[in-house]
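S.K.: Give me coordinates for this.
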Amino acid sequence: MGAVEQLVTVAAVMLGAGTTYLTNHAMERSRNRYQLLTRWDDKKIDAYSNYVDAVKAKIAMAVRLYEFREGLRQEERTERELRDDLAAASLTWGRSFERVMLLGGDEAIEAAHELNVVLAEIEWQATGKVVGSLDEWRQRHRRVFRLINAFHEAAREDLGIQGRVTGEKHPERDLLLPSARRDGDTS
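M.R.: Next comes the predicted model:
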């Protein structure tokens, strides 16, 4: 075997080794990128779902306080205790919103900001910082639940989840109210 043949053989082996190395490197990098993306998607799902849970818990605490203050509900707890419950729900909501701010996509963050505005209005009416009628209270609730759905849409889009929670197949729904209250009877 001549020197030229040996050089060609060595060059072919080196080319094969280099190609194998580059291919393996590219595949490993792609796999790592996918794992990182998947890991962050899991964190985002947790952040988004915890945020919605915290929003709904805050609404529930505001409802209890509002209905107590307006005489629509009998409650074993005092107004102070109900306010403390709302404050605790607000702390949980604040922490969950921060996670959305850290991990969320632009549209999800913007949807959360819009939702937070109406959520604040509900809290303010529940605590008496703003005055409003029962009809205004209900309108705020209608708006907040529409905005929760908008947040769901933005979160699903950010996560690449197909389908929608609103639209033609999912018509807008109204608040579920007992018939006596729906007719304006607050007793």
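S.K.: Show me where the chain dips below the pLDDT cut-off.
M.R.: 1, 32, 34-39, 166-187 (pLDDT under 70).
S.K.: mind listing the helices for it?
M.R.: Using DSSP state H, the helices of the chain run over residues 3-69, 79-103, 106-127, 134-159, 179-182.
S.K.: For the most centrally placed residue in the chain, list the residues it contacts.
M.R.: Closest residue to the average C-alpha location of the chain: Y48 at 2.8 Å, with C-alpha atoms, centre = their mean. Counting by C-beta atoms under 8 Å, 6 or more residues apart in numbering, Y48 makes contact with 100, 104, 108, 151, 155, 159. Using the backbone N, CA and C atoms, a C-beta is placed for each residue, glycine as well.
S.K.: With distance to G128 as extra columns, can I get the residues you listed in JSON lines?
M.R.: Formatted as JSON lines, the entries for these read as follows, by distance: C-beta to C-beta, whole Å:
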{"residue": "V100", "distance to G128": "29"}
{"residue": "G104", "distance to G128": "32"}
{"residue": "A108", "distance to G128": "32"}
{"residue": "F151", "distance to G128": "27"}
{"residue": "A155", "distance to G128": "33"}
{"residue": "L159", "distance to G128": "39"}
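S.K.: Only whichever of those are buried, select them in PyMOL.
M.R.: Remark: buried members of the contacts of Y48, expressed as a PyMOL selection using 16 or more other C-beta atoms under 10 Å:
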select buried, resi 100+104+108+151+155
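S.K.: Specify which member of the contacts of Y48 is nearest to V4.
M.R.: Ranking those by separation from V4, with C-beta to C-beta as the measure, puts L159 on top at 58.5 Å.
S.K.: So the closest one is in contact with K43, correct?
M.R.: No: applying C-beta atoms under 8 Å, one finds L159 not in contact with K43, separated by 10.9 Å.
S.K.: my read: I59 touches H141, true?
M.R.: Yes: using C-beta under 8 Å, I59 and H141 qualify as a contacting pair, with a distance of 7.5 Å.
S.K.: higher neighbour count, these two?
M.R.: I59 (23 against 18; other C-beta atoms under 10 Å).
S.K.: so how far is D53 from the more buried one?
M.R.: Between I59 and D53 the distance, using C-beta to C-beta, to the nearest Å, works out to 11 Å.
S.K.: do F145 as well
M.R.: Applying C-beta to C-beta, the value for F145 to D53 is 14 Å.
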